[in-house]
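**Student:** Fold the following for me, if possible:
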Amino acid sequence: MNQPKQSNRCRQVVRRWPLLLVLLLCLAAIPAAAQTKKITGKVTDEAGNPVSGATVREKDSRRGTATDAAGNFSLTVKNNAVLIVTSVGIEPREITVGETDNYDIKVKPRDNSLNEVVVTALGIKREKRELTYSTQQVTGAALSASKETGVLNALTGKVSGVQITASSGQPGASSRIVIRGNSSLLGNNEALIILDGIPINNDQTGNPSGSGSGTSRLSDIDPNTIESINVLKGSAASALYGSAAARGVVLITTKGGAINSKPKVMVNSQYSFENPILPKMQTRYALGDRGVYFDGDTKKTSAVWGPSIDSLRSVGLLSYYKDPLKAFFTTGHTWTNTVSVGGGTDRSSYFFSYSNLNQTGTVPTTKYGRNAIFGKFTNKITDQVTATLQLNYSLSSSHTIPEGYDLTDPLWTVYTSPSTWNPLPYLDANGNQRVFRLSRNNPYWDLHNIYTNNKNSRFIPVVTVVYKPLNWLTITERGGADTYTEQPDYYEAPSTALVTTGRVIQNSSNFRQLNNDLIAEARHGFGDFDVSFLVGNNIQSTYSQTQSTTGTGISIANLDNISNGAVITGYDTLYRVRKIGFYGQANVSYKNFLNLSLTGRYDGTSVLADKKNFYPYGSASAGFIFSELIKVPAISFGKLRVSYSSVGNDNVGPYSLTTPYQSAGAFPYGGNAGFLISQSLGNPYLRNEITKEAEVGLEMQFLHNRVGFEVSYFNRNHDNLLTQGVPIAPSTGFNSTTLNAAFMTNKGIEALVNITPVKSRNFTWDMTLNYTRIRNKVTKIFGNTPQLQIGQTWAFLGKPYGVFYSPGYLRDSSTHEIIVDASGLPISTQNNEIIGNLQPDFLAGVNNNFTFKNWTVGFFLDYRKGGDILNSDDRYGYFYGTPLVTQNRQDLVVKGLVQGTKQQNTKVVHAEDYFQRLNTNYEAAMQSGTYLKLRTASIGYKLPAQMLGKGPFSTVSLTLTGRNLFIYKPGFTGSDPEVSSYGTGNGSQGVYGNTVPTSRSFNLTLNVNFK
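**Tutor:** Purely as a prediction, here's the structure:
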């Protein structure tokens, strides 16, 4: 093909050179022309589908190219050259160039265990074997198997290095996700959530009264639309996503259609019922004090220290007897129905889904509902341009009760109620509340008169345009938004029991976040090297506004309208934050066994000080697949990886640079508004904090991938942490400020083991084990400050994050024995003491799946060792006499030393005196967070194809799943040690009290796919 060009070259040279030299040049050109040739071809998989982006290169040469979207390629190579075809997800293929000029190359998929394709930063798909950092993927099928209504709860226990904590058993309650331990004292510690390349909000919202938890906004996403979730744990993995990614990243990839596929309709219908897992309370003794009976009507008391039930029954005084918890809580029900359709033509694909969730809670009147619509459409506009448009819309609503230690919380009364007083009807003949004690509402009255109604509308559009001007160059423009409008309304009727006048709070919140990425990626092969280089720009703008109006002094009963308030006040909060980032990444692979990755990012943010609001950071990581060089029959795969990263963060609220004014408490007064300067002093010198992380990992597969493991060790140092609420001298006129004040470390080990003990034609047993061990330490606060209050817990210098610092037992300094007073009762310390820490020793999980023909059986065990919990239900209950431990009412001798004499105590005390003394001692309520859960167990059956015959169904399956079937909690007396009753905030962790209990549920799921 090139010979005519060479002939022209000869004629041109004739005019200028002697004939002999011309002949020599022409003779030399003829062999050169014969040495190369231009070939074309197409790369397809076993099903005949084109493989786009595959690398086709000449062996031992720098010549190479990549296939286009149709799998086609063209390349000039030497005669008899050997072509090497490689790509993510296929086995490498070698082809010898012969006489023909066109080649159809069939490739095979690589073994899944070695060839898992995962979504990495910025939505780029890479083969897991090539990654140089730790990441773990959870499929959408695994999420669905948990039968959780929320995405985060479905992840619980499945990913090493990740801790997820639910806040409550109420429908739609929030959950907290932390990756590789807490990274900030008072700032945001939760992972960044990315949906198809777009950061989305996961704040806890919807609780205007401040009592208990709200809802995590990730609950707006329908789990049925998720294809997979990939967790980027280390900073080297997540650095490209910007400063918020220093806390780890949860990448959510949604489902899509398929090219050249006829429409496929799928129907999923689920029903479950939930029974609350109630703590055990004493029901052996009646309402009363010192053994004297109080009926709750003519004589009232909060104490359940009355006579025994048997003694009342024997004298005919027992008119009512029922466990108050079993009487109050009910069975919850959840219906979830999803219809989806997906398919595609030769140039486009589509997927649409509609889901309806309707849940009633285990507390009467509580409920949560969600309607979610999702659509994704991808079209190949030209051979070089592909566009994807997706829309995610949800409309949710909830009706919830207050939780926690607020007098309006009905659970406070339920958990301390006697079994001998009938709370129904909750109104007497005159329409007044019936109560067994003063200063508490009847809990059934609360259900109908104190509540929050919340409505949320959320819209997440994403547009992605991919342009491939060259086979080796891809330009991606991705723009998206996350917008929601929320209206939580709180109503509290006037209460004669609490002596309150009632109030209405109406909130309106508007949130919108716009995000845009422009990315250019180049990939090319050079001999034994495969090189990719990426550069990009990110712009993010966040706007949030909340308008709140409170009306106090309700005059018309059951009118939850703001105009029903005698005095109406309001406030308006608004913030805007803007970020900009420039980033780059270089990946180099040598002979498919040595991989190097370098990243860099330069961020700017509006929340930091001028001249300090731009900061650079980056990472370097390498992976060595030694199994490619060391051929041992038993070793299928082996990789060693190391990484180091330094990631900046702007983890501070907006307007921390200034000292704003705020509404004065007694205003408006006389029709005039009043403002006072904030008591928190602004700091105009704030700069970014930094997280430095070193990681080393080993991944191996054995016995043809029947056994494999992945283990990682990481060391993270969090420096110059942005810390709000740092106390300062009152003489300054302020009480706190924001500083780059703290330093903290996290060191840990993560392990994941996959085993297939049995694999035959009809039967397979797969087992997955994960393990996480993290050691956290606060290494510096500000100056010489030894501690800083987080909320319910504290940060202490030299201690793990989340120390419980409260009055405990006074102990002997030498023997550590409890000190008792002259009456024989234990003495509490006058000052706060360190009495516990919320950090667990380790987390572990074991998942087993069995497949026998058309049957599937699976169960998942989740284990947590250690970590302390403050059981406030018991602490308050000690005074009232309701925890199960107070059922033993024999006189006792407290083991300890008598104050002053240090002699062993021999004084006999009454049980009521002993437990009521413990009410003021927080250490007495510290309990172990250790638990073992049978989190899920399921059995499913898929109808055989021959049974379906020529009917309209391609597959039909039925699955029965149980959740929380068993909880072993040897050191905890509450419902579930996994919950944190006050929500997802830093100051709420490790405290259990007056919350809706965890439920044990049974779920029946029907899946139908139409032909």
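**Student:** Ser928 is in contact with Pro970, correct?
**Tutor:** Yes: using C-beta atoms under 8 Å, Pro970 is in contact with Ser928, at 7.1 Å. Where C-beta positions appear, they are placed from N, C-alpha and C, glycine not excepted.
**Student:** who are the neighbours in contact with Phe328?
**Tutor:** Contacts for Phe328 (C-beta atoms under 8 Å, 6 or more residues apart in numbering) come out as Val363, Pro364, Val414, Pro443, Tyr444.
**Student:** Looking at Pro970 and Ser928, which is more packed in?
**Tutor:** Taking other C-beta atoms under 10 Å, Pro970 and Ser928 do not tie; Ser928 has more neighbours (18 against 9).
**Student:** Pull the contacting residues for the nearest residue to Arg889 once chain neighbours are set aside.
**Tutor:** Nearest residue to Arg889 in three dimensions, chain neighbours excluded: Ala911, at 4.4 Å (C-beta to C-beta, 6 or more residues apart in numbering). By C-beta under 8 Å, 6+ apart, Ala911 lies in contact with Thr886, Asn888, Arg889, Gln890, Asp891, Leu892.
**Student:** In TSV, list these along with secondary structure.
**Tutor:** Conversion of the contacts of Ala911 to TSV gives the following (DSSP: H, G, I helix; E, B strand; the rest coil):
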residue	secondary structure
Thr886	helix
Asn888	coil
Arg889	coil
Gln890	coil
Asp891	coil
Leu892	strand
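**Student:** from those, which single one is nearest Ser243?
**Tutor:** Thr886 (50.6 Å; C-beta to C-beta).
**Student:** okay, that closest one: pLDDT?
**Tutor:** The model reports Thr886 with a pLDDT of 97.
**Student:** Neighbours of it, how many?
**Tutor:** Using other C-beta under 10 Å, Thr886 has 25 neighbouring residues.
**Student:** Verify the contact between Asn595 and Glu127 for me.
**Tutor:** No: counting by C-beta under 8 Å, Asn595 sits too far from Glu127 to count as a contact (10.1 Å).
**Student:** between those two, who's got more neighbours?
**Tutor:** More crowded of Asn595 and Glu127, by other C-beta under 10 Å: Asn595, with 22 against 18.
**Student:** Pull the contacting residues for the more buried one.
**Tutor:** Glu130, Leu131, Thr132, Asn587, Val588, Ser589, Ala622, Gly623, Phe624, Ile625.
**Student:** Now the third one, what are its backbone angles?
**Tutor:** Dihedral angles of Thr132 (phi, psi; degrees, to the nearest 10) stand at phi -110, psi 20.
**Student:** excluding its backbone neighbours, what's nearest it?
**Tutor:** Of all residues not flanking Thr132 in the chain, Ser621 sits nearest, at 3.7 Å (C-beta to C-beta, 6+ apart).
**Student:** Also the first one?
**Tutor:** For Glu130, ignoring the flanking residues on the chain, the nearest one in space by C-beta to C-beta, 6+ apart is Asn595 at 5.4 Å.
**Student:** Could you measure from that neighbour over to Thr65?
**Tutor:** 21 Å (C-beta to C-beta, to the nearest Å).
**Student:** ditto for Gly343
**Tutor:** For Gly343, the distance to Thr65 (C-beta to C-beta) stands at 32 Å.
**Student:** Likewise for Gln390?
**Tutor:** Counting by C-beta to C-beta - Gln390 and Thr65 are separated by 31 Å.
**Student:** Can you get me the start-to-end distance on stretch 284-300?
**Tutor:** 19 Å (C-alpha to C-alpha, to the nearest Å).
**Student:** still on that earlier bit, Gln390 and Thr65: which has the busier surroundings?
**Tutor:** When Gln390 and Thr65 are compared for neighbours, Gln390 comes out ahead with 22 against 19, by other C-beta under 10 Å.
**Student:** Which helix or strand contains the residue nearest to that one when sequence neighbours are not counted?
**Tutor:** Counting by C-beta to C-beta, 6+ apart, the nearest residue to Gln390 once its immediate chain neighbours are dropped is Lys376, at 4.0 Å. Here Lys376 sits within strand 367-380, counting by DSSP states H and E.
**Student:** name the helices or strands packed onto whichever helix or strand comes after that strand?
**Tutor:** Toward the C-terminus, strand 367-380 is succeeded by strand 385-400 as the next helix or strand (DSSP H and E). Contacts defined by 3 or more C-beta pairs under 8 Å, 6 or more residues apart in numbering; DSSP states H and E place strand 385-400 against strand 367-380, strand 450-470.
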